[in-house]
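K.L.:
Quick one: sequence plus predicted model below, questions after.
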Amino acid sequence: MSQSSRKKLLLMGRSGSGKSSMRLIIFSNYSAFDTRRLGATIDVEHSHLRFLGNMTLNLWDCGGQDVFMDNYFTSQKDHIFKMVQVLIHVFDVESKSINKDIDIFVKALTNLQQFSLDAKIFVLLHKMDLVQIDKRAELFHIMMDRLQKISNPYQFKLVGFPTSIWDESLYKAWSLIVCSLIPNMNLFNSSLLKLNKILDADEIILFEKTTFLVISSTALIQHQMQLQASESTPGLPDALDPKRFEKISNIIKTYKQSTSKLRANFLNLVIRGSNGLQFYIDVLTDNLFIMIVLKSHDDDSKFVNTHEDLVILDNIKAARKWFEKIENTK
Amino acid sequence: MEQKVESDTNATILLMGLRRGGKSSICKVVFHNMQPLDTLYLESTLKPTSEQFLSLIDLSVMELPGQLNYFEPTYDSERLFSSVGALVYVIDSQDEYLNALTNLSMIIEYAYKVNPQIHIEVLIHKIDGLSEDYRMDAQRDIMQRTGDELLDLGLEGVQVSFYLTSIFDHSIYEAFSRIVQKLITELPSLENMLDNLVAHSSIDKVFLFDVNSKIYVATDSSPVDIQTYEVCAEFIDITIDLDDLYLESENKNNGNAQPTNRNEIRSVSHLSNGSVLYLKQMIRGLALVALIRNDEENSSAKDSNMDELLTVIDYNVGCFKKSLMKMWESAKFKTAVNTANGNGSA
């Protein structure tokens, strides 16, 4: 039981590709600016992160200098590559020696095939901010094609993301990586839809509490269902910013840092927006935050009093019980 | 042209200083929300630039490049100095500043002669590069030398204010807030109103912010804690950013939506230490941000108490907004009269 909820994540890549930076930004509330002072990681840095209550992420941040790398693939290989659920391989897009990067990637794949065959593999093409905007998509496709061809003989299916610590792409990649590890995603999704039916909200988003990674949202679920129903309609039909989830993660994290100056965490945030929208961000369970976006339907919304806010917050409290149940059924 | 200068006489800020002192960077960071690191790539400013900002008062910031010689006969410095409310002189604290000080006292001498009402503000800039104890030394040294120079020139009664600033933290906003506040004639009554609000709503600290620049136009009379200021300023950003994310679809439908028929933004956030951050949009790009402390021991009593308190605060802030509107109406009327008078005399 406890065995299954422990997930081993390997974070690999050449020295200086940005592994520790992204780990600290996502899991330790660093700002992108803070990572400038980081030195090289020596050997493997283990971090144990509780995620969604009873899931523990064992993140192995493997220092990327050649000395350590050689060790990983020789003397330590059964230690490192055993029971791996996820390999996250980071490539520096500005790297001068791509062949060497790929060489290491191949070695990692060989070992994974030997020790943990069913590992999921994610490739992050990192430091994308250094590439010109119009060339990013092209570069990403070329690299991913090449890497997929390399890994075909090993029967691994790669999932790739272009990332950068300077925008929200890093959150998107990590949200999807972590979501792939949650066993009862379907339960979360169905309860979220039920809640949405009751509240009649424009949008509901679930966030993990410490990392503020997106776990689920009504828009994403509806999008998935549409894809299943008819594969001919790609792309979200709504006019909202498709990157908004990651942007929200970013904004809320900034807010958390900001309130820490008052030596406090924030419990909830209620905003009455400029065009009749209401935002509610509140604690859902010990591990989740919920964000609800509501459109007020009556015209004289100027006189919405605080009681309506309280109703919504009470609804969230009522939903708390259900989501706690889901978290605990593993 | 003539009447324009006349009408916003008091609200012009003149930004001066030697070249590479950081004047353009200050402008960009404070008024254009540029990231401090991006200012590295700014070109040297070649000719005087002037920008207008609509806030509670119509503020215009004029930047003079450092290499310009103001005392050339062709340059109309007399009209320039007579029309500004504040002279902000930027000194690069990481550089040799003796030249700057001589330049400064020359400018002060001239400006004071032309316009004795002028506020003289000195920014000891780029202090992020100095160590903590050296900062105070630099400030003391600069104040001492400026005082001596002015004494030599026979200018004893001139009030000069000094600020330690850096664009990499909030000190530059703090300094500009103080500078702008001196130019607002309604400031005493504004502060009085805010004090009233604080007294009747158990608010800990309240700021009236200019949303764009994060300068505070007024605050209540309790001392400003820089940390509270930072949190409040960042709270504006967070509220606006979240609101903007869901605004885009609306904008696409009706190209330029009138800001007037939008609802006022209101945002409330409870913190784990019992405090509440409160934001409400005011008129003319201003927002009121308050930090409300609640020291009730019992947590359930705390909650219900806070809900009641928030209703009271909502009402009080509504009243404040109404009086702010009235005040602005009469202020507008006053400037209109002034302009008319100006026209008459010309």
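P.N.:
Everything's here; your move.

K.L.:
quick check: domain ranges of the chain?
P.N.:
Since no chain was named, I'll use chain A. Under the assignment automatic domain parsing, the domains of chain A span A:3-179, A:185-327.

K.L.:
oops, chain B please
P.N.:
Chain B breaks down by automatic domain parsing into domains covering B:11-181, B:187-343.

K.L.:
Quick one: closest of these to chain A.
P.N.:
Evaluated with CB to the nearest CB, those place domain B:187-343 nearest to chain A, the distance being 3.8 Å. The C-beta positions use only the backbone N, C-alpha and C, and glycine is treated the same way.

K.L.:
Skipping adjacent residues, who's closest to residue A:111 in space?
P.N.:
residue A:81 (4.3 Å; CB to CB, 6 or more residues apart in numbering or on different chains).

K.L.:
Give me the neighbour count for residue 162.
P.N.:
By default, I'm working from chain A. By other CB atoms under 10 Å in any protein chain shown, 23 other residues sit near residue A:162.

K.L.:
let's do chain B instead
P.N.:
18.

K.L.:
Distance of it relative to residue A:115?
P.N.:
66 Å (CB to CB, to the nearest Å).

K.L.:
do the same with residue B:271
P.N.:
Taking CB to CB, one finds residue B:271 at 47 Å from residue A:115.

K.L.:
still on that earlier bit, and the domains of chain A, which one averages the lowest pLDDT?
P.N.:
Mean pLDDT across the domains of chain A is lowest at domain A:185-327; the value there is a mean of 75.

K.L.:
Quick check: end-to-end length of it?
P.N.:
10 Å (CA to CA, to the nearest Å).

K.L.:
So between residue B:271 and residue A:115, which is more surrounded?
P.N.:
Legend: neighbour count by other CB under 10 Å for residue B:271 and residue A:115, higher for residue B:271 (22 against 16).

K.L.:
what sits against the more buried one?
P.N.:
Neighbouring residues of residue B:271 by CB atoms under 8 Å, 6 or more residues apart in numbering or on different chains: A:259, A:262, A:264, A:265, A:266, A:267, B:277.

K.L.:
do you know which of the domains of chain B lies nearest residue A:284?
P.N.:
domain B:187-343 (14.9 Å; CB to CB).

K.L.:
From the chain's centroid, how far away is the closest one?
P.N.:
Computed by CA atoms, centre = their mean, to the nearest Å, the chain-centroid distance of domain B:187-343 equals 16 Å.

K.L.:
the helices in the stretch 151-300 of chain B, which residues?
P.N.:
B:171-183, B:187-201, B:226-245, B:248-253, B:299-345 (DSSP state H, counting those that start in this stretch).

K.L.:
what's the answer for chain A, then?
P.N.:
Assigned by DSSP state H, chain A shows helices spanning A:19-27, A:66-73, A:77-81, A:98-115, A:136-151, A:169-179, A:185-199, A:218-229, A:244-259, A:306-328.

K.L.:
residues near the closest residue to residue B:120 other than its chain neighbours, how many?
P.N.:
Nearest residue to residue B:120, sequence neighbours excluded (CB to CB, 6+ apart): residue B:160, at 4.8 Å. For residue B:160, the count of nearby residues is 18 (other CB under 10 Å).

K.L.:
try residue A:98
P.N.:
Residue neighbour count, defined by other CB under 10 Å, stands at 14 for residue A:98.

K.L.:
Contact partners for it?
P.N.:
So residue A:98 contacts nothing (CB under 8 Å, 6+ apart).

K.L.:
got the phi/psi numbers for residue B:275?
P.N.:
The phi and psi values for residue B:275, taken as degrees, to the nearest 10, are phi -80, psi 160.

K.L.:
wouldn't it be in contact with residue B:290 here?
P.N.:
No. Applying CB atoms under 8 Å, one finds residue B:275 not in contact with residue B:290, separated by 10.2 Å.

K.L.:
Between these two, which is the more surrounded one?
P.N.:
Between residue B:275 and residue B:290, counted using other CB under 10 Å, residue B:290 has the larger neighbour count: 25 against 22.

K.L.:
For the more buried one, name its beta-bridge partners.
P.N.:
residue B:206, residue B:278 (DSSP bridges).

K.L.:
Could you list which residues are in contact with it?
P.N.:
Contacts for residue B:290 (CB under 8 Å, 6+ apart) come out as B:201, B:203, B:204, B:205, B:206, B:207, B:277, B:278, B:279, B:313, B:317.

K.L.:
Neighbours of residue A:225, how many?
P.N.:
Residues near residue A:225, counting by other CB under 10 Å: 11.

K.L.:
now do residue B:52
P.N.:
Residue neighbour count, defined by other CB under 10 Å, stands at 11 for residue B:52.

K.L.:
How about the one 10 residues further on?
P.N.:
Neighbour count of residue B:62, defined by other CB under 10 Å: 18.

K.L.:
so what's the residue nearest to it when sequence neighbours are not counted up against?
P.N.:
Nearest residue to residue B:62, sequence neighbours excluded (CB to CB, 6+ apart): residue B:50, at 4.5 Å. When contacts are counted by CB under 8 Å, 6+ apart, residue B:50 touches B:60, B:61, B:62, B:63.

K.L.:
As CSV, the residues you listed with pLDDT would be great.
P.N.:
Shown next, in CSV, are the contacts of residue B:50 (pLDDT from 0 to 100):
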residue, pLDDT
B:60, 77
B:61, 79
B:62, 77
B:63, 77
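
K.L.:
Just want the residue of the stretch 1-150 of chain A that's nearest chain B.
P.N.:
For the stretch 1-150 of chain A, CB to the nearest CB, closest residue to chain B: residue A:33, 8.4 Å.

K.L.:
burial count for that residue?
P.N.:
For residue A:33, the neighbour count with other CB under 10 Å is 11.

K.L.:
for residue A:117, same thing?
P.N.:
With other CB under 10 Å as criterion, residue A:117 counts 11.

K.L.:
Quick check: the gap between it and residue A:156.
P.N.:
Relative to residue A:156, and taking CB to CB, residue A:117 is found at 9 Å.

K.L.:
Number of residues surrounding residue 211?
P.N.:
Just so you know, I chose chain A. By other CB under 10 Å, neighbour count at residue A:211 equals 22.

K.L.:
Please refer instead to chain B.
P.N.:
Residues lying near residue B:211 (other CB under 10 Å) number 21.
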